[in-house]
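can't give you the sequence, but here's the structure:
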């Protein structure tokens with residue numbers, strides 16, 4: 001088996017990417033502190049054609065060298081917006097018809113494998129701070145909460161791993 005070369009991957013240009021159909025998902029980063037995590041989420045959002053990334057609170061914004069180390073240019077392809085706090089982002093998304101979904105371990109959460117996104121809905125997926133998770137204020141404003149099933153001794157995934165799992169799940173359920 002031969003690995004494909006970069007020019008054989010037929011990736012769209014940034015302009016073509018910005019015009020193509022997107023996964024009806026906005027990724028909301030609620031006070032994410034690591035710039036490497038932010039950059040990696042941009043890259044994952046590009047790979048799965050998320051609609052946008054919303055950066056909230058202490059979440060750093062491009063351009064920044066530490067974000068670009070892992071984003072590898074995805075900050076230029078993925079639409080993004082900054083909000084001084086997550087509640088502002090949620091209010092705007094709700095006004096635009098998005099269903100607000102926290103990715104968190106919480107009472108009455110729905111396990112990801114049991115959640116079926118609807119093709120005619122738009123979703124805002126909130127990923128929280130690496131230590132504290134989704135803020136209590138944001139949790140008061142959500143429509144539902146999705147939890148990723150876990151079976152080991154650790155109590156959480158890294159935020160980038162969580163974003164990759166959930167975005168792929170939405171992609172697989174909505175696009176394929």
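Structure received. What you see is a predicted model; the values in this text were computed from it and never measured. Numbering: from 1, shown residues only.

now residue 131: how far from residue 140?
In this view, residue 131 and residue 140 are 20 Å apart by C-beta to C-beta, to the nearest Å. Using the backbone N, CA and C atoms, a C-beta is placed for each residue, glycine as well.

what residue lies at the spatial centre of this protein?
The centre of the chain sits closest to residue 27, judged by C-alpha atoms, centre = their mean, with a distance of 3.2 Å.

Can you list the residue ranges for helices in this protein?
For the chain, helices defined by DSSP state H occupy the ranges 14-19, 35-47, 65-71, 74-77, 86-95, 136-139, 159-174.

Reformat these as a markdown table; add mean neighbour count, mean pLDDT and distance to residue 56.
Shown next, in a markdown table, are those (neighbours: other C-beta atoms under 10 Å; pLDDT from 0 to 100; distance: least, C-beta to C-beta, whole Å):
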| stretch | mean neighbour count | mean pLDDT | distance to residue 56 |
| --- | --- | --- | --- |
| helix 14-19 | 12 | 96 | 22 |
| helix 35-47 | 23 | 98 | 11 |
| helix 65-71 | 17 | 98 | 15 |
| helix 74-77 | 20 | 98 | 16 |
| helix 86-95 | 18 | 98 | 4 |
| helix 136-139 | 15 | 98 | 9 |
| helix 159-174 | 18 | 98 | 13 |
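
Tabulate those in a markdown table, adding columns for distance to residue 118.
Below are the helices of the chain laid out as a markdown table (distance: least, C-beta to C-beta, whole Å):
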| stretch | distance to residue 118 |
| --- | --- |
| helix 14-19 | 25 |
| helix 35-47 | 21 |
| helix 65-71 | 30 |
| helix 74-77 | 27 |
| helix 86-95 | 16 |
| helix 136-139 | 22 |
| helix 159-174 | 9 |
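
Can you say which of these is nearest to residue 127?
Nearest to residue 127 among the helices of the chain is helix 159-174; the distance by C-beta to C-beta comes to 5.4 Å.

can you state the direction angle for the closest one and helix 35-47?
Angle, helix 159-174 to helix 35-47, by axes from the mean of the first three to the mean of the last three C-alpha atoms, to 10 degrees: 10 degrees.

and helix 159-174, what other elements does it pack with?
strand 23-30, helix 35-47, strand 98-103, strand 122-128 (3 or more C-beta pairs under 8 Å, 6 or more residues apart in numbering; DSSP states H and E).
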